[in-house]
Each structure stands twice: as structure tokens, then as C-alpha cells.
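Trainee: fold the following and give me the result.
(chains A and B)
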Amino acid sequence: GDSVTQMEGPVTLSEEAFLTINCTYTATGYPSLFWYVQYPGEGLQLLLKATKADDKGSNKGFEATYRKETTSFHLEKGSVQVSDSAVYFCALTSSSNTGKLIFGQGTTLQVKP
Amino acid sequence: GAGVSQSPSNKVTEKGKDVELRCDPISGHTALYWYRQSLGQGLEFLIYFQGNSAPDKSGLPSDRFSAERTGGSVSTLTIQRTQQEDSAVYLCASNQYQGSYEQYFGPGTRLTVT
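Mentor: This is a model prediction of the structure:
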């Protein structure tokens, strides 16, 4: 079945450091790919998405490119801030065409001043 | 506008009791999803409703779990004879139509089974 694997955390960085959170997937068909973020005490929010190969999703300085050849969707940000501290989830829409999301395990990011 | 709301925000129950969790989706959203977020299993899909179609129940972990959606709007997730392993945060999400890319999530209900 479809699945998502993302790097284990926690990831601890200093402010202004470069961030990469790796995400790879297994899926039949052509899923859409997402990064969701969960800030402390808040609900899940969509951070960015990509719906086809080579698409780049971007938002709030974060970027991720849909790489079909490597089945990856790594999240990057050039300069993290303390306010980026959160749990990040990579996800895909399943091949069942219901739109249900299959999530990775989540990666906790802590940014220190 | 109003987002997805869920109630209660926290629920503590004794093992063996039944619980009902409620979700109010965004008005006009035809698709509604339930997920469960637990330490051991991460975020898992439970059930999906789309309009008047039969729900996709493929993620429900056992027959103690059931859900309904009345009038195409409010949904209730019921867990019968709760077990300690049911302790988790139950999340509801909605979107405007099947296959739409963004799901809007509610704040969740934290269920603790003692």
C-alpha cells in the first residue's frame, strides 16, 4: 500500500540555519504530495503542496519539489526562525481517489535563538 | 469564516465506557475525514464521508468504532467499550469536494482512557 517515510527527529537548529527534512514515498498512480505543520497547541495546517512531478510547492520561505524519479518531497528552508519550531508532516493523497491523506511519522523541529 | 470545530476538546473516560466525539465541518464542505493521532501510530486515517455516498470505513481499527454524518454536515465518531489503546487525539478535517487538495483540520479531541 501507499506509504510515507520521513526522517526521524527531533531536529535542533540554531536560528538562521538551513533546514532539510527528508521525505520519501511509495505510491501507485500519481499522488499529490503535501507538507503539513502543527505548531505547539495548534491544529494541523497545510504548509505547501505539489500535485505533479517536478512541481515546486512553496510557502513562508519553505520549499519542496516533487521528484518522481527519486520518489521524494524533501522540505527545505534557507534560514529558519524560532517561530518555525513545530512538528512537520509529509503526506500524500492515497491512490484510492477518496482524497484521504497518508502521513509520515512527523518530524519535530526545534529552533534555538 | 468559521473553521472546523470539534467537541469536546478533552475527554477522559473509564475503560469500557462508550464515547461520542463531534465534528462540525466548514459550511459547504461535502467531504469529511476522521483521523487519529497517537504516539505509537502517528496520524492514521479512520473514515471518509463524501456527500450521500457510502462512507469509506477502511481505516476503522475495529468494530467498536463507528461514525455517522447527519444531513451531510455534522459528524459523530463513536467508540464503544473503550480500551486504553484508544487514547489519542482524534482529528476531523473537511474539504469542498472529493479530490480537493487541501483538507482543513479541526483542533482535535484528546481522548484519554483510564
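Trainee: which bits of chain A sit near chain B?
Mentor: A:32, A:34, A:36, A:42-46, A:49, A:51, A:89, A:91, A:93-94, A:96-106 (C-beta under 8 Å from any C-beta of the partner chain). All C-beta atoms are positioned from the backbone trio N, CA, C, and that covers glycine.
Trainee: the residue nearest to B:S7 when sequence neighbours are not counted: what secondary structure?
Mentor: In space, and not counting its chain neighbours, B:S7 is closest to B:R22: 4.9 Å by C-beta to C-beta, 6 or more residues apart in numbering or on different chains. Three-state assignment for B:R22 (DSSP: H, G, I helix; E, B strand; the rest coil): strand.
Trainee: the one 4 residues further on too?
Mentor: Put simply, B:I26 is coil when judged by three-state DSSP.
Trainee: skip the chain neighbours and tell me the closest residue to it.
Mentor: Spatial nearest neighbour of B:I26, chain neighbours left out: B:S94 (5.3 Å); criterion: C-beta to C-beta, 6+ apart.
Trainee: for chain B, just list every one of the helices.
Mentor: Assigned by DSSP state H, the helices in chain B number zero.
Trainee: near chain A, which residues of it are found?
Mentor: B:31, B:33, B:35, B:42-45, B:48, B:50, B:56, B:58-59, B:91, B:93, B:95, B:98-103, B:105-108.
Trainee: these, buried ones only, as a ChimeraX selection?
Mentor: Of the residues of chain B next to chain A, the buried ones go into a single ChimeraX selection, burial set by 16 or more other C-beta atoms under 10 Å in any protein chain shown:
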select /B:31,33,35,42,43,44,45,48,50,56,59,91,93,95,103,105,106,107,108
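Trainee: circling back: show me the contacts for the residue nearest to B:I26.
Mentor: B:V4, B:C23, B:P25, B:I26, B:H29, B:A31, B:L32, B:Y33, B:Q103, B:Y104 (C-beta atoms under 8 Å, 6 or more residues apart in numbering or on different chains).
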